[in-house]
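> structure of the sequence below:
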Amino acid sequence: MIQLVQACAGKNWRPEEIHLTIKHDYEVEYAGQLNPSRIIFSKPHAKFKIPRKLLSLPILKAISDNCVWVEDFNSVEPFPETFVHQLVAIVNPYLGAGIVNKKIIANALDISPRTLQRRLQQFATSYSTIIDHARFDKAQRLLKDSDLTMLEISLMLGYQNASSFTRSFRRLSGLSPKEFRSFHNKTCSL
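Down below sits the predicted model:
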């Protein structure tokens, strides 16, 4: 929801208050993605405050550093439909921050870490696979849409070094990140 409001108000907008149904968690309270919002825990309903003046703004879609009006809502990425896609979307903001763990993700879903583990087993996947897919999705976007170096991208994704990033990317795509970037740049320029 915060991302939807940011589409109108700008990517740096944060709500004044965020009400969460989960019990107090220091990692969530001090997560960089939620600051400087005031986090209130153990509320019966999850919500955040939106200033009235934002309600009348049109929805914008960020392209590079510019914003354009969204006229075709089919071009906006839909909310993830499957449990696995939801997990990838939840993990994505935490990549590179060094705080991605099962407890935070379970809290975001308002379930226990053990229930998260059972759900992962139910969908025949693992937490490390979810992390790999979240990193891979974000890596593809960064390689396509930025001129960041491989080291910068690898650190943004939470890898220790560029070679770990390259090995993981090659395992999932069959291409190195440099090959992926050059292939994408060639197809876009045609």
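
> okay, the most centrally placed residue in the chain: pLDDT?
With distances taken as Cα atoms, centre = their mean, N92 lies nearest the centre of the chain, 2.7 Å away. Model confidence at N92, given as pLDDT, is 81.

> G98 now?
Confidence for G98, expressed as pLDDT, is 65.

> may I ask you to confirm that the residue nearest to the centre of the chain is in contact with A139?
No - under the contact definition of Cβ atoms under 8 Å, N92 does not touch A139, with a separation of 11.1 Å. Using the backbone N, CA and C atoms, a C-beta is placed for each residue, glycine as well.

> how about the helices in this protein?
2-9, 26-29, 52-55, 83-91, 102-108, 113-122, 127-145, 150-156, 162-173, 177-189 (DSSP state H).

> which of these sits closest to A46?
helix 102-108 (10.1 Å; Cβ to Cβ).

> mind listing what's buried in stretch 20-34?
L20, I22, D25, V28, E29, A31, L34 (16 or more other Cβ atoms under 10 Å).

> for those, which one is nearest L148?
Scanning those for proximity to L148, where the rule is Cβ to Cβ, the winner is A31, at 22.8 Å.

> for I40, find the nearest of the helices of the chain.
Checking the helices of the chain against I40 by Cβ to Cβ gives helix 26-29 as the closest, at 9.8 Å.

> chain center to the closest one: distance?
Remark: helix 26-29 is offset 17 Å from the chain centroid, using Cα atoms, centre = their mean, to the nearest Å.

> can you check stretch 133-143 too?
Counting by Cα atoms, centre = their mean, stretch 133-143 comes out at 10 Å from the chain centroid.

> buried ones in it?
Along stretch 133-143, the positions that meet the burial threshold by neighbour count (16+ other Cβ under 10 Å) are H133, A134, R135, F136, D137, K138, A139, Q140, L142, L143.
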